[in-house]
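In: Give me a 3D structure for the following:
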Amino acid sequence: MQPNYLKKAKYLPKLILILILIFLLINSLVMTTFNVTAQENSSLVITELMPNPSGADDTGEWLEIYNASSTNQNLNAWRLEGSTLEDITILPQEHLIIARSPVTLQNSYTDLTARIVPGSFVLLNSGDTIELTNSATNEKSVFVYTQAEEGKSFELLKGDCQVVQKNILGNSIGKDNNSCAIFLTPTATLSPVPSIQKITATPSPTENKVINSQSTKNIREQIKLAVPRIYRL
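Out: I've put the predicted structure just below:
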């Protein structure tokens, strides 16, 4: 007759599969709840924006665009939320800042080396969808963000994950954004497994019987603890 603990243990693979499915579901919910995405099928890409700056929104708001192509791009050919932009050429791999008040922005970020141009736009603190479009080439960069926190920008993580999240450092204006690796790196760590000391003494035959009996009993107890009531699944 098959021992009872072996009957329960055969359900272990099923339990593991269920746990994996639960993990994937939770991970999907976390991504949907705490992160938003961006559409990056465009030569010019919105890479960062500040909806709720420290100070007045009407002078402190800004957004950053990046020329992801290998050719020069004229900003005047693009529209930000339907509004025309400056007649200026953006070089390949160049960051450009569009600000509601370039003077205020330059005074706030004195070490900023990226070029700044004025723009007509409003970034809602409650979250919004911002579009940069080129009707001639049918290109569009879409940036979706959620509730803003004062003094923290939203950034498009660098890489292929297409994830937008709050900048953990406050902002990275005019510089490369944080990597997708930040989003993918697990935050939890596993506890170390207790070490098992090796027994060097040689037991007598009588002690062997006691040890073997006790070991079998311990194994059964450990399986019962590891898969409680699994046979009911």
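In: And stretch 76-96, end to end?
Out: End-to-end distance for stretch 76-96: 13 Å, by C-alpha to C-alpha, to the nearest Å.
In: quick one: buried residues of it?
Out: Along stretch 76-96, these residues count as buried under the neighbour rule (16 or more other C-beta atoms under 10 Å): 77, 78, 80, 85, 90, 95, 96. Every C-beta, even on glycine, is put in place using the N, C-alpha and C of the backbone.
In: Disregarding residues adjacent in the polypeptide, which is nearest to residue 126?
Out: If the residues on either side of it in the chain are set aside, residue 126 comes closest to residue 147, at 6.0 Å by C-beta to C-beta, 6 or more residues apart in numbering.
In: residue contacts, that neighbour?
Out: By C-beta atoms under 8 Å, 6 or more residues apart in numbering, the contact list for residue 147 reads 125, 126, 127.
In: Now, those residues that are in helices?
Out: In helices, judged by DSSP state H, none of the contacts of residue 147 are found.
In: For these, give me a markdown table that also has neighbour count, distance to residue 53 and pLDDT.
Out: Shown next, in a markdown table, are these (neighbours: other C-beta atoms under 10 Å; distance: C-beta to C-beta, whole Å; pLDDT from 0 to 100):
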| residue | neighbour count | distance to residue 53 | pLDDT |
| --- | --- | --- | --- |
| 125 | 13 | 10 | 97 |
| 126 | 10 | 15 | 96 |
| 127 | 14 | 16 | 96 |
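In: in the protein, which spans are strands?
Out: In the chain, the strands defined using DSSP state E lie at 36-39, 44-50, 62-67, 73-74, 79-80, 83-84, 89-90, 95-99, 115-118, 128-134, 139-145, 154-156, 163-166.
In: what's the farthest-apart pair in the buried residues of stretch 76-96?
Out: Maximum pairwise distance among these (C-beta to C-beta): 18.3 Å, between 77 and 95.
In: mind showing which ranges of this protein have poor pLDDT?
Out: 1-11, 21-41, 183-233 (pLDDT under 70).
In: Helices of this protein, residue ranges please.
Out: Secondary structure of the chain (DSSP H): helices located at 4-9, 12-34, 57-60, 102-108, 180-184, 205-226.
In: who touches the shortest one?
Out: So that's helix 57-60. Here helix 57-60 makes contact (C-beta under 8 Å, 6+ apart) with 50, 51, 53, 54, 100, 101, 104, 105, 108, 123, 125.
In: Now that we have these, which of them are buried?
Out: Taking 16+ other C-beta under 10 Å as the criterion, what is buried in those is 50, 51, 53, 100, 101, 104, 105, 108, 123.
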